[in-house]
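Q: Provide a 3D model corresponding to the input given below.
(one chain, ligands or ions: 1)
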Amino acid sequence: MQSSPVLTLTCSCCTSSTPGRQWHNRDEGFGLCGKCAEWLSGKETPAIMQSTYGIAGYHYPASSNAALSDLEQSPDANALSLHS
Ligand SMILES: [Zn+2]
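A: Below you'll find the predicted structure:
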């Protein structure tokens, strides 16, 4: 699986800007913010969350406290900065 870049997406639930990765089931440029992810994950099953929004912590922030900052320090990101 190729890793995708972290983008600034529009939350499809509350329309705020949120870091995330494009999920094929979402319209382009749309994702899910941490606040809505937390709210929705209390209502939906993990399987529905994944098929609709992608993988928590990868395609969208897992909670309001977890932006994708950890993922930006992934080996891919480090590899890119080493080339600069
Ligand atoms: Zn939201």
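
Q: give the contact list for residue 54.
A: Counting by C-beta atoms under 8 Å, 6 or more residues apart in numbering, residue 54 touches 20, 21, 23, 25, 26, 31, 32, 60. Bear in mind the C-beta positions are built from the backbone N, C-alpha and C, glycine included.

Q: which residue, other than its chain neighbours, is closest to the residue sitting nearest the centre point of the chain?
A: For the chain, residue 60 is the residue whose C-alpha lies nearest the centre (C-alpha atoms, centre = their mean; 1.9 Å). Nearest non-adjacent residue to residue 60, counting by C-beta to C-beta, 6 or more residues apart in numbering: residue 32, 4.0 Å away.

Q: show me which residues of the chain sit near the ion.
A: Taking C-beta under 5 Å from the ion as the contact definition, the chain meets the ion at 11, 13, 14, 33, 36.

Q: could you rerun that using 6 Å?
A: Contact residues (C-beta under 6 Å from the ion) of the chain with the ion: 11, 13, 14, 16, 33, 35, 36.

Q: if you rank those by neighbours, which is first?
A: residue 33 (24 neighbours; other C-beta atoms under 10 Å).

Q: that residue is in contact with residue 60, isn't it?
A: Yes: Residue 33 is within contact range of residue 60, at 7.3 Å (criterion: C-beta atoms under 8 Å).
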